[in-house]
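Asks: Structure for the following, please:
(4 chains)
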Number of protein chains: 2
Amino acid sequence: MIIDKSSPIPQYFQLQTWLMEQIDQGVFRPDDQVPTEKELGQLTGLARATIRQAVGNLVNIGYLVRHRRLGTYVLDRKKENGKRTIIGILIPDIRTGYAPELARGAEDEAARQSHSLILCNTDDSYIMANRHADRLIEAQVSGIIFIPTANPVERNRLFIEKFTRRDIPVVLADRTIPGMAVDHVTTDNFQGALDLTSYLIKMGHRRIAIILNSALSTERERLEGYQAALAQNDIPVDPEIVIAEAGPFSNEHYQEYISSLLDRRDRYTAIFAGHDRIARLIYSTARDLGLDIPGDISLVGYDDLPFTTFSLTTMLQPIYELGRESLKLILSRIRGENGEPRRIVLKSNLVERSSVKALN
Amino acid sequence: MIIDKSSPIPQYFQLQTWLMEQIDQGVFRPDDQVPTEKELGQLTGLARATIRQAVGNLVNIGYLVRHRRLGTYVLDRKKENGKRTIIGILIPDIRTGYAPELARGAEDEAARQSHSLILCNTDDSYIMANRHADRLIEAQVSGIIFIPTANPVERNRLFIEKFTRRDIPVVLADRTIPGMAVDHVTTDNFQGALDLTSYLIKMGHRRIAIILNSALSTERERLEGYQAALAQNDIPVDPEIVIAEAGPFSNEHYQEYISSLLDRRDRYTAIFAGHDRIARLIYSTARDLGLDIPGDISLVGYDDLPFTTFSLTTMLQPIYELGRESLKLILSRIRGENGEPRRIVLKSNLVERSSVKALN
DNA sequence: ATTGTCTATTTGTCTATACAATAATACTGC
DNA sequence: GCAGTATTATTGTATAGACAAATAGACAAT
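Replies: Next comes the predicted model:
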């Protein structure tokens, strides 16, 4: 029997629970009709008012929908979920690097599709990310765009599971998390770095320093691209001029690495900066030391941030598109598309300006 | 009588409506007990089940709360309102000018107080702002931080009323709307411009050009500060070198104004740029024309955006603080503080770099 | 072919009644 | 004074029955 009349649990509540179970277990599926009130009465032996109370509660919390004369139907949770039109985006810092461009790309697409974007700054800290996570769940976001923090894989994994446990889809933007099967939108960092390094080699540079943050998947891929380009040209890697430390770094930290790199400038003729922000720091540090770029040292960056005052040869990443594509992907998941995790890779383009001197 | 038995409107609904009216009109106030089901029965002549249906609905939508044995009480809407922890922020473009800094200031304070921030880009267009508005209302934001668009006062007024009609408080950040009594957080643009112009005069400049967007209240105030400084020093205003056009401008539009201003460079020795973004454009345009700053023309800006590569003397606005204060203010309103619209003015500081040549 | 009418079914509204659970308050016994 | 007990008002749960309103679908009228 469905209802235990002797139980202290109210009978309407027993019926309500039973109905929810049937729905959750797929016995009653979305858009199916559930038994009519009369049938439920025969099934349970309860009075119609009691049945109405149970069904009414389920209507209130969005499990069922009633149609006069037609019966009561199971509501499609996914469809309902799609009605909450808020998506969370977790970015290290909206003020730095490509963050504004990415956020704008995502927001434009969100607005176009009648969704709103909650902005969260993580400062690359998993503690902050987790605080945001709890708030976002409470705000009933229906999806998450996440730029993984510069922290161990495990930390990022736990963060993501907080959402997936609740059936809230997550898309990784730009950076990925090794070993995790999650949707991911990124650019071709390996190919980009390979092209960029090959360009330096073509310009006559053979001793090329590189400085990057190896806590970030994107920059690790760039390192691999750099190594591949050297290998293709039979140039051995000089570990003395490969600075690949892991961590969430402040400008001050980078400054130290840059200074020590500039101290060893007899070992190389060009620097590959892991991203434009480092490139800018290198530029201003070099200038303060009286060094000319590209006169004394050639320099390339990665990102193509807007500078206007400093003419950096760099790899243009389609960051605005990256934001848009991330949002499109998360929306398709919210709308119920399931299947294998997808990986979208956008092409980058070399932008040749005047921070590289030809040596040949 | 409260209930019209002959009406086609269901009696439970009539009772429900009546109760809501009593609450909204303050007959039953927050935390008051409403009549017990028995009393309502005597009052209306309805059966208890009907009364329970009416009251039950009001409990569901958050008007009332029932306590077994104690009675039914009016819920404090404000208290409930405070539970929705989302605030909307409408900014022209997260990618340009001080927007990232402002957004970060607001988001940090929001996170500190367990609130979330929905980011909206308006591109200074009231059409986009209105589209966002509808979405934000649907998302049930409990407050709005708004940077007015570069559009006529009326447009901005209508936008704000959309929210105030629904008891959603609005705080204006940075820019204001003339003639509207709304909370406002800004910087001392008049004093800042006065100081900045006085500085130029102290450096020996007497013919000072100014270029700004007069659609923005902030820049209008800066124009007044500029005029006041000239007046204090008995310098007449030369209308030929005051470019104060109104509109939402693209870089290309500004470029034209700048070019025409640079054509007349015999009439002035220094340019006061209405904001740093124009200053940057002036700098690069001048450089393309072979002009040196400050050698040929002195230049000051307003904002203190991070440049690193171009050393601009400018007025530092505490934008991060502006974002934080805006959020603090909106939260105090959300929490029920009422009273006269407040106006918070933050101090700016002159940052002396090397874009001004001393003429004396 | 379109429009109107009827019928059966299902949910929507409403009454009258009963007992249960809860908790503030008063009372009782020590 | 204080712990336990009884009282009692109030909401919570439940039943049985009735009529209303909407509407899909069948059928009739135009």
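Asks: when you scan stretch A:140-154, is anything in it near chain B?
Replies: No: no part of stretch A:140-154 sits close enough to chain B to count as contact by C-beta under 8 Å from any C-beta of the partner chain; the gap is at least 8.8 Å. C-betas here are computed from N, CA, C, even on glycine.
Asks: A:Q14: what secondary structure?
Replies: Per DSSP: H, G, I helix; E, B strand; the rest coil, the local secondary structure of A:Q14 is helix.
Asks: Equivalent analysis for the one 3 residues further on, please.
Replies: With three-state DSSP as the basis, A:T17 sits in helix.
Asks: Count the residues that sit near it.
Replies: Look at A:T17: counted by other C-beta atoms under 10 Å in any protein chain shown, it has 14 neighbours.
Asks: roughly how far apart are A:A150 and DNA strand C?
Replies: As judged by C-beta to the nearest atom of the strand, to the nearest Å, A:A150 and DNA strand C stand 50 Å apart.
Asks: ugh, wrong one, I meant A:D174
Replies: As for A:D174, its distance to DNA strand C is 48 Å (criterion: C-beta to the nearest atom of the strand).
Asks: do the same with A:D288
Replies: In this view, A:D288 and DNA strand C are 71 Å apart by C-beta to the nearest atom of the strand.
Asks: And for A:S214?
Replies: Distance from A:S214 to DNA strand C, by C-beta to the nearest atom of the strand: 58 Å.
Asks: List the contacts of that residue.
Replies: If a contact means C-beta atoms under 8 Å, 6 or more residues apart in numbering or on different chains, then A:S214 has A:R220, A:L223, A:A244, A:E245, A:A246 as its contacts.
Asks: What is the least confident helix or strand in chain A?
Replies: Ranked by mean pLDDT, DSSP states H and E, the helix or strand of chain A with the weakest confidence is helix A:77-81, at a mean of 56.
Asks: picking up where we left off before, and of the contacts of A:S214, the nearest to DNA strand D?
Replies: When the contacts of A:S214 are compared for distance to DNA strand D (C-beta to the nearest atom of the strand), A:A246 wins out at 55.8 Å.
Asks: correct me, but that closest one touches A:A150?
Replies: Yes: applying C-beta atoms under 8 Å, one finds A:A246 in contact with A:A150, separated by 7.5 Å.
Asks: Just want to know which of the two has more residues nearby.
Replies: Just comparing A:A246 and A:A150: by other C-beta under 10 Å the higher neighbour count belongs to A:A150, 24 against 15.
Asks: dump the residue contacts of the more buried one.
Replies: With contacts defined as C-beta under 8 Å, 6+ apart, the neighbours of A:A150 are A:P92, A:D124, A:N213, A:A215, A:L216, A:A246, A:G247, A:P248, A:F249.
Asks: Stretch A:315-329 and chain B in contact?
Replies: No: contact of stretch A:315-329 with chain B (C-beta under 8 Å from any C-beta) is absent, the minimum separation being 8.9 Å.
Asks: returning to what we had before: which strands and helices lie in contact with the helix or strand following the least confident helix or strand of chain A?
Replies: Remark: after helix A:77-81, the chain's next helix or strand is strand A:86-91, criterion DSSP states H and E. Helices and strands in packing contact with strand A:86-91 are listed as helix A:99-112, strand A:116-121, helix A:126-138, strand A:143-146, helix A:319-334; criterion 3 or more C-beta pairs under 8 Å, 6 or more residues apart in numbering or on different chains; DSSP states H and E.
Asks: Most tightly packed of the ones you listed?
Replies: Sort those by mean neighbour count, taking mean count of other C-beta atoms under 10 Å in any protein chain shown, and strand A:143-146 sits at the top with a mean of 27.
Asks: Identify the residues contacting it?
Replies: Counting contacts by C-beta under 8 Å, 6+ apart, the residues outside strand A:143-146 that touch it are A:87-90, A:106, A:136, A:159-160, A:163, A:168-173, A:326-327, A:330-331, A:333-334.
Asks: Shouldn't A:R206 be within a strand?
Replies: No: residue state for A:R206 (three-state DSSP) corresponds to coil; a strand is not indicated.
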